[in-house]
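[1] Fold the following, please.
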Amino acid sequence: MKEFSTLATYTKIFRKAYLLAGLLLLLCIPGILFAQTDSTKTEAKSEIEEPSLIAPSVDFISVQKSDKTIDLKAGLKAKIKGTFTQLPLLKITFRLLTDTEQQPLGFVITDQQGKAVLNVKVDSLKTDKEGKLHFKAMFAGNKSMDPADEEVTIKRARIEIVPQKEDSLLTVKIKLIDEGTGAEVPVPEIAVGIFVKRLFGPLKVAEGTTDSTGQASVEIPNNLPGDTKGNITLLAKVDENELYGNIEATVIQPWGTFVSDKLNELPRALWSPHPPLWMLITFAILMTVVWGHYLVIIIQLFRLRKEEPHTPIPVTKS
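    Okay, the predicted model is just below:
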């Protein structure tokens with residue numbers, strides 16, 4: 001009996017010890033869970049990074065024109081998801097940079113292609129000692145984009161274009177003049193292209209290089225299509241010169257062939273909206289044959305259904 005009572009006593013002691021251990025474990029679990037939750041939140045916060053801003057770029061050129069104005073042309077784009085995208089409806093500011101200040105020229109909102117053009121008068125611009133003009137195009141940035149800017153430096157110059165016609169020979173005389181220092185200085189060894197304005201862009205028809213006097217003579221084809229009066233717009237251009245940038249001059253001449261603007265009905269042909277009669281007749285015959293076969297098949301199916309034998313109804317004797 002003593003052994004039995006001793007065993008029972010030990011059993012009670014072990015049960016109490018297990019209960020105490022269980023209670024201690026339950027008390028410790030909430031603390032462990034709370035600590036784990038806090039560490040997860042900390043790690044999650046450290047992994048969250050601020051979204052990176054879009055880094056746009058500005059394409060900036062200038063075009064000196066024969067009417068003593070300059071077109072400042074800027075394009076705004078950015079690489080988004082691996083593809084260059086034009087950025088519309090954004091403000092681009094243009095400035096003239098001098099040794100002492102930045103003269104504001106104006107601002108333009110980019111169009112749907114991300115382009116902005118500002119026309120400024122040359123007489124209102126100050127050149128440096130070398131007769132150069134320094135322009136700057138700026139985008140100030142916003143909440144999702146970084147700021148961007150680009151600069152262009154050019155020297156003042158102009159193109160003179162004089163059309164001449166001798167019998168059936170059409171020529172254009174070009175003269176390129178440097179105006180940076182105030183005096184007119186001929187510019188030699190510069191390639192000048194002659195273009196004809198078209199609906200989707202200028203069409204290049206000739207090219208010449210200025211001589212020591214800054215002049216060049218270029219022959220123009222006499223079979224170019226013009227407008228309703230036979231006029232064509234000739235454009236002389238210097239493209240992307242390191243010193244002068246882009247220079248343009250235009251002149252209108254009645255050297256083109258007459259092109260009517262009347263809307264006439266097109267003849268029946270394969271290239272017109274009115275196909276030939278033989279094609280319409282052939283198409284109608286083929287469609288009639290094809291759909292006629294379908295109609296015959298449907299009629300035969302209905303006939304077979306009507307001719308299907310019926311099983312006699314057994315008569316029961318009373």
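
[2] Tell me which strands the helix or strand residue 171 falls within pairs with, and in which orientation.
    Secondary structure assigned from DSSP states H and E places residue 171 in strand 169-178. Looking at strand 169-178 with DSSP bridges, its partner strands are strand 157-166 (antiparallel), strand 185-186 (antiparallel), strand 215-220 (antiparallel).

[3] Need the ones you listed in CSV (columns: distance to residue 125, mean neighbour count and mean pLDDT).
    (Each C-beta comes from the backbone N, C-alpha and C, glycine too.) Compiled in CSV, the strands paired with strand 169-178 are given as follows (distance: least, Cβ to Cβ, whole Å; neighbours: other Cβ atoms under 10 Å; pLDDT from 0 to 100):
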stretch, distance to residue 125, mean neighbour count, mean pLDDT
strand 157-166, 14, 16, 88
strand 185-186, 19, 15, 89
strand 215-220, 27, 18, 90
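
[4] Now render those strands as JSON lines, adding distance to residue 55.
    As requested, these are arranged in JSON lines below (distance: least, Cβ to Cβ, whole Å):
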{"stretch": "strand 157-166", "distance to residue 55": "35"}
{"stretch": "strand 185-186", "distance to residue 55": "42"}
{"stretch": "strand 215-220", "distance to residue 55": "43"}
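
[5] mind checking how far the nearest residue to residue 270 once chain neighbours are set aside is from residue 284?
    Excluding its sequence neighbours, the residue lying closest to residue 270 (Cβ to Cβ, 6 or more residues apart in numbering) is residue 276, at 7.2 Å. Relative to residue 284, residue 276 is positioned 13 Å away (Cβ to Cβ, to the nearest Å).

[6] same check, this time on residue 207
    Look at residue 207 and residue 284: by Cβ to Cβ, they are 55 Å apart.

[7] which one of those two has more residues nearby?
    Relative neighbour count places residue 207 above the other of residue 207 and residue 284, with 13 against 10, counting by other Cβ atoms under 10 Å.
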